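J.: When you get a sec, could you give me coordinates for this:
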Amino acid sequence: SAGLASTSTATYSEAGAVSAKLSDSTFAAIDASDGSTLAERTVESAAFTVGRFVPDHFAVSATPAAFQPGCGAFTYLGQPFGFGTAPVWSVTAQNAANATTQNYAGTLFKLSGSSITGQAWSAASGSVAAVGALPDPTVTELGGGLAGVSFDVGNPAAGGGLAFARSALSAPFDASLTLAASILDSENVAYASNPYQQSGIGFSDGNAATSTDAQMRFGRLRLSSANGSELLPLPVPLTAQYWNGQGFVTNTLDNCTALPAPTLTFYTQTSQNQLATGETTASYASPLVAGLAGLVLAAPGAGNYGFVDISVNLGSLSWLRYNWTDASGFDNNPSSRAAFGKRSGSDKVIIRREIY
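T.: Below is the predicted model:
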């Protein structure tokens with residue numbers, strides 16, 4: 001009309017630019033009988049570009065993922081943990097009809113780790129947070145409109161990972177986490193229901209027979225006082241415990257916590273204390289065995305009666321501290337006193353029966 005032509009039905013279902021030209025081979029059809037060629041009767045425009053077109057949206061799906069327990073088959077509250085099997089999201093570029101746009105590849109591929117935003121973790125029970133900064137996801141172009149997005153939370157041994165809050169006594173619970181992130185590229189092609197969420201991410205130690213993988217436990221390291229003869233080695237109870245909802249019990253599942261060497265504090269010798277510096281030393285099992293350290297002080301020998309204070313500086317093992325010396329904070333290292341031979345009793349008594 002008036003020298004112009006328009007269409008409202010032209011469609012393009014791919015990504016990228018369309019190179020086109022217009023031609024009219026019928027306006028001079030009346031001259032076909034005079035021997036002119038079709039090329040002579042055709043009018044063409046120069047080639048021109050339409051676009052560039054981008055996908056309408058992304059479709060996203062997730063592969064199963066699992067965390068590695070922080071200690072064997074369980075994790076202490078406050079203890080960092082990382083992936084055993086990291087989550088990978090499959091991202092498909094699609095047009096408005098939900099068909100894959102195969103051309104979304106190469107120079108047309110605009111998805112990157114930095115364009116995936118709002119990465120966040122939440123838990124069905126308890127409160128979880130990143131220990132350090134969460135790394136950007138890694139995006140892998142797979143061709144044909146497909147991409148893989150893999151996530152990481154960092155290495156717990158290097159100051160990364162996730163950890164549950166340890167702000168109050170808590171009975172053991174099974175952990176189930178949800179990962180959420182918004183998928184979009186640099187040209188604002190997005191997953192329609194951003195953020196995408198992958199829920200039900202638990203824990204696995206790789207042993208199908210283990211049933212406590214996902215269990216979170218509020219733990220502490222308890223160091224008890226002890227006394228005995230200066231002629232014999234002195235066992236000192238040093239135990240990993242957890243709160244079972246009613247009280248603290250030995251954490252028999254702890255076979256992996258490696259403890260720093262205990263510190264012995266000796267005091268000036270007096271008539272009541274003849275234990276000199278170095279007359280006893282400490283030894284124990286590390287890592288723990290069924291929650292027990294097997295701490296033993298060497299016998300100081302005849303005449304070396306007295307006492308020594310023991311403490312364990314937990315350092316980075318903050319999830320085993322407790323409020324031993326104050327009412328709050330769960331931030332005290334365990335300590336106790338061991339005494340040798342201070343009260344030996346009568347030399348003529350072999351055994352005395354006590355009735356309560």
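J.: So in this protein, where's the weakest helix or strand by average pLDDT?
T.: Lowest on mean pLDDT, DSSP states H and E among the helices and strands of the chain sits strand 48-53, with a mean of 86.
J.: Where does Ser114 sit: helix, strand or coil?
T.: Assigned by DSSP: H, G, I helix; E, B strand; the rest coil, the conformation of Ser114 is helix.
J.: which residues in the stretch 1-150 of the chain form strands?
T.: With DSSP state E, counting those that start in this stretch, the ranges of strands along the stretch 1-150 of the chain come out as 16-20, 23-24, 43-44, 48-53, 57-62, 66-68, 75-76, 82-85, 88-94, 117-123, 128-130, 138-143, 146-150.
J.: Wait, Val18 touches Tyr12, no?
T.: Yes. Shown here, Val18 and Tyr12 form a contact pair, counting by Cβ atoms under 8 Å, at 5.8 Å. Every C-beta, even on glycine, is put in place using the N, C-alpha and C of the backbone.
J.: returning to what we had before: for Gly291, find the nearest of the strands of the stretch 1-150 of the chain.
T.: Closest of the strands of the stretch 1-150 of the chain to Gly291 is strand 75-76, at 11.8 Å (criterion: Cβ to Cβ).
J.: mind checking how far the residue of the chain most remote from its centre is from Ser170?
T.: Within the chain, the residue lying farthest from the chain centre (Cα atoms, centre = their mean) is Asp34, at 81.5 Å. Asp34 is 96 Å from Ser170, where distance means Cβ to Cβ, to the nearest Å.
J.: just Ser45 next, same as before
T.: Taken as Cβ to Cβ, the span from Ser45 to Ser170 is 74 Å.
J.: Repeat that for Phe58.
T.: 39 Å.
J.: which of the two has more neighbours?
T.: It is Phe58, of Phe58 and Ser170, that has more neighbours when counted by other Cβ atoms under 10 Å, with 23 against 18.
J.: how about the nearest residue to that one once chain neighbours are set aside, what does it touch?
T.: Spatial nearest neighbour of Phe58, excluding adjacent residues (Cβ to Cβ, 6 or more residues apart in numbering): Tyr191 at 4.7 Å. Tyr191 is in contact with His57, Phe58, Ala59, Val60, Val91, Ser182, Ile183, Leu184, counting by Cβ atoms under 8 Å, 6 or more residues apart in numbering.
J.: Bridge partners for the first one, pull those for me.
T.: According to DSSP bridges, Gln94 are recorded as the beta-bridge partners of His57.
J.: Wait, it touches Asn188, no?
T.: No. Counting by Cβ under 8 Å, no contact exists between His57 and Asn188, whose distance comes to 10.6 Å.
J.: Can you mark which positions in stretch 293-301 are buried?
T.: Judged by neighbour count (16 or more other Cβ atoms under 10 Å), stretch 293-301 contains these buried residues: Ala293, Leu295, Val296, Leu297, Ala299, Pro300.
J.: Equivalent analysis for stretch 220-234, please.
T.: Arg220, Leu221, Arg222, Leu223, Ala226, Gly228, Glu230, Leu234.
J.: Would you mind measuring the gap between the ends of it?
T.: For stretch 220-234, the separation between the terminal residues is 23 Å (Cα to Cα, to the nearest Å).
J.: Show me where the stretch 201-350 of the chain dips below the pLDDT cut-off.
T.: 342-350 (pLDDT under 70).
J.: What's the separation between the residue farthest from the centre of the chain and Thr42?
T.: Counting by Cβ to Cβ - Asp34 and Thr42 are separated by 15 Å.
J.: if we can go back for a sec, more neighbours: His57 and Asn188, which one.
T.: Using other Cβ under 10 Å, the more surrounded residue of His57 and Asn188 is His57, with 20 against 9.
J.: Contacts only, for that one.
T.: By Cβ under 8 Å, 6+ apart, the neighbours of His57 are Gln94, Ala96, Val189, Ala190, Tyr191, Ala192.
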